[in-house]
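Participant: My questions are about this predicted structure, shown below with the sequence.
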Amino acid sequence: GEPGADGRWFFEHVHLTLDGRVTVAGWIADALDGAGWIAAPRGKAPEGAAVRPALAVVPRDEWQGWLAVREFYRWPLFAGQAGAAERTARLEKETARLRQEWTDWNPGRVRALREAARERHPADPWRDATVGGHLLALEDAAGARELLEEALRENPGLGQARADAARACLKLHDGPAARQHLEAGLARQPNDPVLRMARGEWALQAGRLDEAETDLEAARRLRPRDLRILILLARVAEARGDWTGAARHYRAGLEIDPDSPHLLNNLALALLVDPGAREEACRLAQRAVDREPESPHVWLTLARARAAEGQVSAALEALERAEELARKGGHSELRETMASMRRRLENAAPAKSD
């Protein structure tokens, strides 16, 4: 049919949405019931909206699904298909919508979703692992760790939960606990790219840069288009003072996602070290601001880039916007950095005439 006509069940033409997966799961349950293997519930199968709370599905899950499918349409095989332009436009629209919806969520709302689901199914390690991942994404590392470790006690083989638990421990500055989770996970799944990536992150934080690079390169071979791996490799290069290497990894990431404000911002920062690349850094920082205008981080980078170019007044304008956004978002550490930068810029600004 027309592109998007099957959009209830498919992200594009093959990959199932939540409604699609629920429908297929219903068919499988009916078939198993018919074979006498299980006793499937009778009646009309529930729709995706009805099972979202039970599965702890939030906009972040569907946003990530749309992002993965959008990535396919950057490959020549898919980009040249009939109807690709229409599908790509739909993918972009849904990605933006779900990303915006996710900004309305907070840890309390996620916990309430889990508590409601527990009334029907008290013990569900998969659900708790999912909720723990959501809490980690919302910067509630302590809450994430508690739920993830509870899920792992019930099912020690959940690889993603192991990686998430390790990251939660790292955010809580508990390196030994993070290492224990990673070794337990890798003992079961030694080539799991998510676990290798997480161990690379642990090694980076521990200052074991060669080990970090080994694990991250192994993960990259398994997942060559994973932006998080490229960003971590860039951070390893930065820790070594290798800004050229860091810039190379960020550029590789931009080949995958040319509009990523995070990559644009970080590449701009890496290039500021080179006096000959400051003009490009300024352009990249401006692109990052254009794509994520509500982030104080990108405005601060733009202020730094303009200052490096000697544009003191323009730098102060960008810094003022960064300060405003940081106040709204409660970024206390960032505000201290901004206050220090403001003093330097004001000292460098020409005196105003009477």
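Facilitator: Received the coordinates, thanks. For clarity, every value in this text was computed on a predicted model and none was experimentally measured.

Participant: where does the residue nearest to residue 120 when sequence neighbours are not counted land in three-state SS?
Facilitator: Nearest in space to residue 120, with sequence neighbours left out and distances taken as CB to CB, 6 or more residues apart in numbering, is residue 54 at 6.6 Å. For the C-beta atoms, the positions are set from N, CA and C on the backbone; glycine is no exception. The local conformation at residue 54, judged by DSSP: H, G, I helix; E, B strand; the rest coil, is helix.

Participant: Please enumerate the helices of the stretch 151-300 of the chain.
Facilitator: 159-171, 175-188, 193-205, 209-222, 227-239, 243-256, 261-271, 278-291, 296-308 (DSSP state H, counting those that start in this stretch).

Participant: Who are the packing partners of the shortest one?
Facilitator: If contacts are counted by 3 or more CB pairs under 8 Å, 6 or more residues apart in numbering; DSSP states H and E, helix 261-271 sits against helix 227-239, helix 243-256, helix 278-291, helix 296-308.

Participant: Quick one: residues contacting the residue nearest to residue 120.
Facilitator: 117, 120, 121, 127 (CB atoms under 8 Å, 6 or more residues apart in numbering).

Participant: from those, which is closest to residue 290?
Facilitator: residue 127 (38.8 Å; CB to CB).

Participant: which element is that closest one on?
Facilitator: helix 125-137 (DSSP states H and E).

Participant: who are the neighbours in contact with residue 267?
Facilitator: By CB under 8 Å, 6+ apart, the neighbours of residue 267 are 247, 250, 251, 254, 281, 284.

Participant: which of these are buried?
Facilitator: 247, 250, 254, 281, 284 (16 or more other CB atoms under 10 Å).

Participant: wouldn't the fourth one be in contact with residue 266 here?
Facilitator: No - the criterion here is CB atoms under 8 Å, and residue 281 misses it with residue 266 at 10.8 Å.

Participant: Return the distance of residue 335 relative to residue 176.
Facilitator: 32 Å (CB to CB, to the nearest Å).

Participant: The two: which is more packed in?
Facilitator: Comparing residue 335 with residue 176 by other CB atoms under 10 Å, the one with more neighbours is residue 335, at 16 against 7.

Participant: And that one, how far from residue 268?
Facilitator: Residue 335 is 21 Å from residue 268, by CB to CB.

Participant: cool, and residue 138?
Facilitator: For residue 138, the distance to residue 268 - CB to CB - is 27 Å.

Participant: Show me which of those two is the more surrounded one.
Facilitator: A count of neighbours by other CB under 10 Å puts residue 268 above the other of residue 138 and residue 268, at 27 against 19.

Participant: quick one, what contacts the closest residue to residue 69 other than its chain neighbours?
Facilitator: Spatial nearest neighbour of residue 69, chain neighbours left out: residue 11 (4.3 Å); criterion: CB to CB, 6+ apart. Residues in contact with residue 11 (CB under 8 Å, 6+ apart) are 17, 65, 66, 69, 91.

Participant: ok, back up a step: which two in the buried ones among the contacts of residue 267 are spaced the farthest apart?
Facilitator: 254 and 281 (13.6 Å).
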